[in-house]
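Peer 1: got a predicted structure plus its sequence, pasted below:
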Amino acid sequence: MTAIDPFMLNPHRGVPGLTVLTSAGFRRAKAEIESWPGYAPTRLVALPGVAAEAGVASVHVKDEADRFGLGSFKALGGAYAVLGAVRAELARQGVVASAAELRAGRQEAACVTVTSATDGNHGRSVAWGAQMFGAACVIFVHEAVSEGRVAAIAAYGAEVRRVPGNYDDAVRAASEAAAREGWFVVSDTSYPGYTEVPREVMQGYRLMVDEALDQVPDAPTHVFIQAGVGGVAASVSIHGRSRLEPAPALVVVEPDEAACLLASARAGAITAVGGALDTLMAGLACGEPSLIAWQELERGAAAFMAIPDDAAVDAMRRLAALGVVAGESGGAGLAALLRLGRDDREALGLGPDSRVLLFNTEGATDPVLYEQLVG
């Protein structure tokens, strides 16, 4: 088969596995997030020209650029998990506080410190959540995170610490500091012994998918979703399977310099990739899959695909011309759709009757870089 390289159909799709996220957990997350000041569903944009170019019936993109003013879907997950961490620590101290009381400042939570590693967007969400619910916040970033993204995190009152190495090194630094200082780690990645907080993060992400499925005129047959550690991709997979029958074919898209999920699919087991993870798609520059995300994607994804940086930049420019502001990671799904080879399209069942759903997961979260790339 003359397929685009790298591209891999998932031979384990549909195999029974673990229940990663519960429906009850999503209902709680949805009710809470919809009560926050400023909540509104983000827009869904039809892309008929892209559909014609791709040879499919329709293409829609869920645009997360304006989510709570934070510029990405991450606003849904990190902040929601911060609330859980704050309430758990107060409960340990014998204090019961509602989310509304914490938001209104009627309950002191400054004794709680939350921390996380980030490439930018997750850290901004955690810092915003800490500010909203009255906690202190320390965020770890690696050496390649831009100053623009650091400043955006610090604007919400967080202390930002830069450490050598890549994203995975920052994850370890945050975990070590938390163990030493008694802080709460609010991470969007999971590993053995640390899964419950990332589940809460992923439950928050599902609201984005829920809105999109309410907005589309017809149920999607295919979804292209970008992935770093895999949390949002797994959330999209889980929610698609929970609401649609048959579930849409899910294509997981990664940078070719940080394709840990594709590597895991090829190996048949969770697999890390090392090195500098040198990709322009900063939000996807992750070398180690999230454990619980992989537990879903190893059976829920239809295919895994990696793309180069130039494809992502081209997608940013295409979307800009259509009135959608997409950051370096935001257009990855569109880039993958347009790069698919004929054999891969046939293998996915992608054709004239297909309805494709994409997610612009971030806006111009680094405005200086966006201007350089798009103008």
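Peer 2: Cool, got the structure.
Peer 1: use CA for all of it now, contacts and neighbours both
Peer 2: Fine.
Peer 1: shaky segments in the protein?
Peer 2: 1-5, 107-110 (pLDDT under 70).
Peer 1: kindly recompute the last result at 80.
Peer 2: Along the chain, the parts satisfying pLDDT under 80 run over 1-5, 106-110.
Peer 1: for residue 249, which non-adjacent residue is closest in space?
Peer 2: In space, not counting the residues next to it along the chain, residue 249 is nearest to residue 222; the distance is 4.6 Å by Cα to Cα, 6 or more residues apart in numbering.
Peer 1: how near is that neighbour to residue 243?
Peer 2: Distance, residue 222 to residue 243, using Cα to Cα, to the nearest Å: 14 Å.
Peer 1: quick one, which of the two is more surrounded?
Peer 2: For residue 222 versus residue 243, the count of surrounding residues by other Cα atoms under 10 Å is larger for residue 222: 21 against 13.
Peer 1: who does the more buried one bridge with?
Peer 2: The residues listed as beta-bridge partners of residue 222 by DSSP bridges are residue 249, residue 356.
Peer 1: show me what the stretch of helix or strand residue 86 belongs to is packed against.
Peer 2: According to DSSP states H and E, residue 86 maps onto helix 74-92. Counting contacts by 3 or more Cα pairs under 8 Å, 6 or more residues apart in numbering; DSSP states H and E, the secondary-structure elements packed against helix 74-92 are helix 23-33, helix 121-133, helix 196-215.
Peer 1: the longest one: which residues count as buried?
Peer 2: Neighbour counts over helix 196-215 (16 or more other Cα atoms under 10 Å) mark 197-213, 215 as buried.
Peer 1: buried residues, stretch 181-195. List them.
Peer 2: Neighbour counts using 16+ other Cα under 10 Å place 183, 184, 185, 186, 187, 188, 189, 190, 195 of stretch 181-195 among the buried residues.
Peer 1: and what of stretch 214-232?
Peer 2: Burial within stretch 214-232, assessed by neighbour count using 16+ other Cα under 10 Å, is assigned to 215-216, 219-232.
Peer 1: and for stretch 6-22?
Peer 2: Along stretch 6-22, the positions that meet the burial threshold by neighbour count (16+ other Cα under 10 Å) are 7, 8, 9, 10, 12, 13, 20, 21.
Peer 1: hang on, the third one packs against residue 302?
Peer 2: Meaning residue 9. Yes. In this structure, residue 9 is within contact of residue 302 by Cα atoms under 8 Å, at 6.1 Å.
Peer 1: so what's the nearest residue to residue 218 once chain neighbours are set aside up against?
Peer 2: Spatial nearest neighbour of residue 218, excluding adjacent residues (Cα to Cα, 6+ apart): residue 355 at 7.8 Å. Neighbour list for residue 355: 56, 57, 58, 59, 218, 219, 220, 221, 222 [criterion: Cα atoms under 8 Å, 6 or more residues apart in numbering].
Peer 1: just those: which are in helices?
Peer 2: Among the contacts of residue 355, no member falls in helices (criterion: DSSP state H).
Peer 1: need the residues you listed in JSON lines (columns: distance to residue 371).
Peer 2: Output for the contacts of residue 355, formatted as JSON lines (distance: Cα to Cα, whole Å):
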{"residue": "56", "distance to residue 371": "31"}
{"residue": "57", "distance to residue 371": "32"}
{"residue": "58", "distance to residue 371": "29"}
{"residue": "59", "distance to residue 371": "26"}
{"residue": "218", "distance to residue 371": "35"}
{"residue": "219", "distance to residue 371": "35"}
{"residue": "220", "distance to residue 371": "32"}
{"residue": "221", "distance to residue 371": "34"}
{"residue": "222", "distance to residue 371": "31"}
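Peer 1: quick check, nearest of the residues you listed to residue 179?
Peer 2: Minimum distance to residue 179 across the contacts of residue 355 is 42.0 Å, recorded for residue 222 (Cα to Cα).
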